[in-house]
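> here is the input, now give the coordinates:
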Amino acid sequence: MFRYKAYNEATDPPDQWSASMKHVHYRPVDGFFGDAIPFYWRGSYHVFYLKTTRKTGDRLIWSHIVSNDLVHWREMPDAILPGEKDTPDSGGCWTGSVIEKDGVFHAFYTGWNPNSRFPQTICHAVSSDLVNWVKDNRNPVLVPDERWYGEADWRDPFVFWNPEEKLFFMLVCATTRDGPVAKRGCVGLAKSRDLEKWDCYPPFYAPNICGPMECPDLFELGGRWYLVFSEFTENLQTHYRVSDDLKGPWRVATPDVFNGQRFYAAKTAGDGARRVLFGWVPTRENESDEGKWQWGGHLAIPHELKAEADGSLSVQCPGEVVNAFQFKNLDVDGSILGKLGEWKIQENSVHGKRTDGLAYATIPCLKNSFALKGVLSFQPGTRFFGLLIRTSVDFSSGYMLGFEPAGNRMVFSRFPRAGDAPPLAECPVFLKPGKPTPFLVFVEDSIVEAFIGRIALSCRAYGGRDEPAGFFVAEGAASYGEIRFAEL
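Numbering: from 1, shown residues only. Here you go, the predicted structure:
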């Protein structure tokens, strides 16, 4: 397990990494991890993030962790703190971005002041070392231009260099002044020659498909441009669009998401050849499956992105994360127990079948925190199949990470279901019968994260501690091969 220790500038040299308690998912001991603001610099991933303590009157701050391998994270001093009364960020410092120019690092962030005419404004701070930051005394440096934008939503600035126009562009979560009231979310635009003076322009992207398009992010990969945004209304997911040109048009990929509803506000960083996506997994009140979903939680396992030939993006777990654990073969003889239906258990593989109902098998040695990987496949006509997480041997309660081939979707659900509650999380997945698909599942404490083929799914599972994992298939047949596991 990996440990986290506060950075001490006097005693900790910048190239020395501290390690302590073992964790797959980072969370500060004095709060919760919110929106990630990643920045790649000279071999290291600097992840600034919004930290909340959830206390009365809690004001969000920019905290800071660093890793050179996406596994060991080092805590740095808090980066940007709210200002005094009547300043533009007196209510909190919200999401933004970091960019370097001529040896100086520039942070652009959202200043929150609920008592101002413009409660959300764009603020600026600079640093020479990514650790010590000085705010711009001109803050705010940008407010919404009411010719095009509403005055309430103006946040999450993302700044990048536009090589075609030879200008810095700033993308902003905003709303248009006109259009369908519930669908005015847009990606606003400002431009600058020097990162000092900014001018507003009409929206960069205004499709009228949802409310505020939070945490915009943009990058080039494989010769195409990708625009990422998070939909706070309706589906609560991070989406992306693809274009061959920065000017657009922006088209929808299939699928247009990386994960489900419990992986939010994802933003990217990379070295130009590689792109990594950082998001967070929310907690629930009272650490209960019945509790309301809360803002903030843990840093999710980073998602590495790959550009496919058709322009879509696929997701995979970074090799550094996989290689950080010692995976070993599962001794299937006696380790996997068929409980219902027809099960054929061979070395490192399991095949389940029941055409007229449910078949399931348990893995008694896999409980609480573990990682499990392998390949899965199913026969044509299979209705539902997948993995069991923390499921009682008598099948009275548990969790199912299931695949519905006919519906092209992956769901994480709890049973028995409480009333008309929907699945805990779901996302599209496209599997073909007879074609093996790799899977990798991490279960740590209450967090479940799965990488399946080209997509991932993250969620919480608070119940069923000390109950085993397993496999299931309903009305069909499925196989699970090359099974290996690791202890977390």
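> low-confidence ranges in the stretch 301-450 of the chain?
By pLDDT under 70, the low-scoring segments of the stretch 301-450 of the chain are 331-334.
> what do you get for the stretch 1-150 of the chain?
When residues are selected by pLDDT under 70, those of the stretch 1-150 of the chain lie in 1-23.
> repeat the analysis, applying 50 as the threshold.
Scanning the stretch 1-150 of the chain for pLDDT under 50 picks out the ranges 1-22.
> that one: helices as residue ranges?
For the stretch 1-150 of the chain, no helices are identified by DSSP state H, counting those that start in this stretch.
> which parts of it are strands?
32-41, 44-52, 61-67, 74-75, 92-101, 104-112, 120-127, 134-135, 149-162 (DSSP state E, counting those that start in this stretch).
> what lines up beside the helix or strand following the last one in the sheet?
When you say that, I think you mean strand 149-162. Following strand 149-162 in sequence order, the next helix or strand is strand 167-176 (DSSP states H and E). Strand 167-176 has the following strand partners under DSSP bridges: strand 149-162 (antiparallel), strand 185-192 (antiparallel).
> relative to strand 120-127, how tilted is the first one?
Meaning strand 149-162. 30 degrees (axes from the mean of the first three to the mean of the last three C-alpha atoms, to 10 degrees).
> kindly report the same for the last one.
Using the same axes, to 10 degrees, one finds that strand 185-192 and strand 120-127 are set 40 degrees apart in direction.
> now tell me what touches strand 185-192 from outside.
Applying C-beta atoms under 8 Å, 6 or more residues apart in numbering, the external contacts of strand 185-192 come out as 122, 142, 144, 148-149, 153-154, 162, 165, 167-176, 198-207, 209-213, 216, 227, 229, 231, 233. Quick note: C-beta positions are derived from backbone N, CA and C, even for glycine.
> same deal with stretch 337-349?
With contact meaning C-beta under 8 Å, 6+ apart, stretch 337-349 is reached by 329-330, 332-333, 336, 350-354, 357-364, 374, 393, 395, 473, 479-484.
> just the CA trace of that stretch, in CSV.
Provided in CSV are the C-alpha atoms of stretch 337-349 (Å, rounded to 0.1, in the frame of the first residue of the first chain):
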residue,chain,number,x,y,z
LEU,A,337,-17.4,-22.9,-6.3
GLY,A,338,-20.4,-23.4,-8.7
LYS,A,339,-23.6,-22.7,-6.7
LEU,A,340,-26.3,-22.8,-9.3
GLY,A,341,-26.4,-23.8,-13.0
GLU,A,342,-23.8,-25.7,-15.0
TRP,A,343,-20.2,-24.7,-14.3
LYS,A,344,-17.0,-26.1,-16.0
ILE,A,345,-14.0,-25.1,-14.0
GLN,A,346,-10.5,-25.6,-15.5
GLU,A,347,-7.1,-24.2,-14.9
ASN,A,348,-7.4,-20.4,-14.9
SER,A,349,-10.8,-20.4,-16.7
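> buried ones in it, by neighbour count?
337-339, 341, 343, 345, 349 (16 or more other C-beta atoms under 10 Å).
> how much space between the most centrally placed residue in the chain and residue 378?
Centroid-nearest residue in the chain: residue 279, 2.6 Å away (criterion: C-alpha atoms, centre = their mean). Between residue 279 and residue 378 the computed distance is 29 Å (C-beta to C-beta, to the nearest Å).
> picking that back up, quick one: buried ones out of the contacts of stretch 337-349?
330, 332, 336, 350-354, 359-363, 374, 395, 473, 479-480, 483-484.
> what would the buried residues of stretch 337-349 look like in TSV with distance to residue 306?
Formatted as TSV, those follow (distance: C-beta to C-beta, whole Å):
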residue	distance to residue 306
337	37
338	37
339	38
341	36
343	35
345	34
349	27
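> identify the farthest-apart pair in the residues you listed.
Put simply, by C-beta to C-beta the two of those set farthest apart are 339 and 349, 17.9 Å from each other.
> check which helix or strand residue 376 maps to.
Using DSSP H and E, residue 376 falls within strand 370-378.
> burial check on the residue nearest to residue 445 when sequence neighbours are not counted, number of neighbours?
Leaving out its chain neighbours, the residue that sits closest to residue 445 by C-beta to C-beta, 6 or more residues apart in numbering is residue 369, at 6.4 Å. Residue 369 is flanked by 17 other residues according to other C-beta atoms under 10 Å.
> how much space between residue 369 and residue 299?
Distance from residue 369 to residue 299, by C-beta to C-beta: 16 Å.
> ok, residue 197 next?
From residue 197 over to residue 299 the distance is 35 Å, taken as C-beta to C-beta.
> give me the more crowded residue out of these two.
residue 299 (22 against 12).
> walk me through the domains of this protein.
As assigned by automatic domain parsing, the chain contains the domains 32-322, 327-487.
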